[in-house]
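Colleague: Structure here, sequence nowhere to be found:
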């Protein structure tokens with residue numbers, strides 16, 4: 001894919017995800033991708049998939065630009081960003097030129113690493129999937145291992161509140177509340193009235209972020225789009241309560257160690273949301289082998305599950321929610337979800353979903 005096409009394609013995606021401002025930024029940038037500046041030259045020379053199915057170069061640059069605004073480093077660009085009125089494409093273009101020319105060092109640092117949004121609303125899928133698993137196995141305790149965990153915000157899903165039309169899952173007094181449009185049956189409640197809880201949470205990332213470090217917190221919020229301030233507020237609420245550990249390591253090697261010891265009385269849940277695409281092929285293969293070996297040892301008293309939400313070829317339709325369960329190596333599709341958690345189309349097998357499925361609007 002050509003660099004210009006990647007920016008135009010990402011602009012289309014951002015518009016579909018409710019961010020017309022960033023779509024405009026990407027569209028204007030797409031016309032400025034001519035050689036002659038360090039940032040553009042680096043992107044033009046990039047090897048491999050630059051699209052949102054690969055390196056996501058447009059999102060990397062978009063994060064760097066937002067960082068310049070959040071820090072006040074580039075006042076010219078900040079004047080064009082929300083909450084200010086959206087300027088003309090000509091004015092925005094000049095501001096982008098200024099940012100690219102005067103702040104190349106900052107933008108190059110953002111190009112160094114994949115986007116680490118840590119979108120908290122994706123936890124709606126994790127909460128629902130965990131409750132479905134808890135009902136299936138009759139176990140309320142979870143050991144959670146997250147791959148590509150960034151700062152680990154989605155390792156705290158048992159402390160978030162999921163508000164649905166028919167009730168609440170999670171603690172009622174939670175400071176982080178999720179309220180996606182929910183299509184389909186309600187997820188089940190905890191087994192025998194017990195609250196579903198995480199007894200051991202740990203994540204891995206090749207470049208983990210410390211949410212309490214100002215530079216890392218900036219990186220987290222920079223990837224959230226400036227015309228969606230409610231997402232930034234929700235992320236900051238999660239950052240304030242974050243106390244989980246994310247190890248710096250290759251996910252494959254880490255998962256082998258993490259799965260080495262069975263945990264009777266708990267479900268070991270391996271999760272990843274919009275992270276798998278960034279892993280090297282060998283890392284993916286090693287993760288799969290580790291889960292297959294651990295799955296062969298799994299029992300009903302110490303089950304293993306893999307819950308994922310990753311993009312596929314169905315553009316504009318969110319991501320599939322996929323679940324694999326051991327013992328048995330059973331593969332299930334639980335529905336689809338918006339990449340930013342705005343909606344969930346839940347279609348899990350009905351034996352653990354007590355309420356009748358609603359029709360799609």
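Modeller: Perfect, I can see it now. Keep in mind that what you see is a predicted model, and the values were worked out from it rather than measured.

Colleague: As a check, name the ranges of all helices in the stretch 101-250 of the chain.
Modeller: Secondary structure of the stretch 101-250 of the chain (DSSP state H, counting those that start in this stretch): helices at 104-112, 123-137, 214-222, 229-241.

Colleague: Quick one: residues in contact with the first one.
Modeller: Put plainly, it is helix 104-112. Helix 104-112 is contacted from outside by 37-39, 42-43, 57, 60-61, 63-65, 67-68, 73, 99-100, 219, 222, using CB atoms under 8 Å, 6 or more residues apart in numbering. To be clear about C-beta, it is placed using only N, CA and C from the backbone, and glycine gets the same treatment.

Colleague: How about the longest one?
Modeller: Where contact means CB under 8 Å, 6+ apart, the residues beyond helix 123-137 that reach it are 139-140, 142, 154, 156-158, 160, 162, 169-170, 178, 180, 187-191, 196, 267, 269, 271, 273, 300, 303, 305, 307, 309, 321, 323, 325, 334, 337, 341, 344, 346, 348, 352-353.

Colleague: Drop anything exposed from those residues.
Modeller: Neighbour counting over the contacts of helix 123-137 (16 or more other CB atoms under 10 Å) leaves 139-140, 142, 154, 156-158, 160, 162, 169-170, 178, 180, 187-191, 196, 267, 269, 271, 273, 303, 305, 307, 309, 321, 323, 325, 334, 337, 341, 344, 346, 348, 352-353 as the buried ones.

Colleague: Do you know the pLDDT at the closest residue to residue 245 other than its chain neighbours?
Modeller: Distances taken as CB to CB, 6 or more residues apart in numbering put residue 202 closest to residue 245, at 5.4 Å, once the chain neighbours are dropped. In this prediction, residue 202 carries a pLDDT score of 98.

Colleague: try residue 277
Modeller: Residue 277 is assigned 87 on the pLDDT scale.

Colleague: Write the ChimeraX selection for whichever of the contacts of helix 104-112 are buried.
Modeller: Here is the ChimeraX command that picks out the buried ones among the contacts of helix 104-112, judged by 16+ other CB under 10 Å:
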select :37,39,43,57,60,61,63,64,65,67,68,99,100,219,222
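
Colleague: part of a strand, is residue 268?
Modeller: Yes. Residue 268: assigned to a strand according to DSSP: H, G, I helix; E, B strand; the rest coil.

Colleague: Assess the claim that it and residue 146 are in contact.
Modeller: No. Judged on CB atoms under 8 Å, residue 268 makes no contact with residue 146 at a distance of 12.0 Å.

Colleague: neighbour count winner among these two?
Modeller: residue 146 (27 against 24; other CB atoms under 10 Å).

Colleague: so how far is residue 270 from the closest residue in space to the more buried one that isn't next to it in sequence?
Modeller: Of all residues not flanking residue 146 in the chain, residue 203 sits nearest, at 4.0 Å (CB to CB, 6+ apart). Note on residue 203: its distance to residue 270, by CB to CB, to the nearest Å, is 11 Å.

Colleague: just residue 43 next, same as before
Modeller: In terms of CB to CB, residue 43 sits 33 Å off from residue 270.

Colleague: Please apply the same query to residue 67.
Modeller: When residue 67 is compared with residue 270 (using CB to CB), they lie 31 Å apart.

Colleague: now residue 259
Modeller: Residue 259 is 8 Å from residue 270, by CB to CB.

Colleague: which neighbours do the two share?
Modeller: By CB under 8 Å, 6+ apart, residue 259 and residue 270 have these common neighbours: 145, 291, 304.

Colleague: Among those, which are located in strands?
Modeller: Using DSSP state E, 145, 304 are the members of the shared contacts of residue 259 and residue 270 that sit in strands.

Colleague: Can you tell me which of the shared contacts of residue 259 and residue 270 is nearest residue 243?
Modeller: Comparing these against residue 243 with CB to CB places residue 145 closest, at 16.9 Å.

Colleague: mind listing what that closest one touches?
Modeller: Residue 145 neighbours (CB under 8 Å, 6+ apart): 202, 203, 204, 255, 258, 259, 268, 269, 270, 271.

Colleague: Buried only: go through the residues you listed for me.
Modeller: 202, 203, 204, 255, 258, 259, 268, 269, 270, 271.

Colleague: which among the residues you listed gets closest to residue 245?
Modeller: Nearest member of those to residue 245, counting by CB to CB, is residue 202, at 5.4 Å.

Colleague: Now do that closest one against residue 146, distance only.
Modeller: Counting by CB to CB, the gap from residue 202 to residue 146 is 8 Å.

Colleague: what is in contact with those two at once?
Modeller: 155, 246.

Colleague: ok so, going back, in strands, which of the buried ones among the contacts of helix 123-137 fall?
Modeller: 142, 162, 169, 178, 267, 269, 271, 273, 305, 307, 309, 321, 323, 325, 334, 337, 344, 346.

Colleague: Name the nearest residue to the third one, sequence neighbours excluded.
Modeller: Across the structure, with CB to CB, 6+ apart as the measure, the residue nearest residue 169 apart from its sequence neighbours is residue 162 (4.3 Å).
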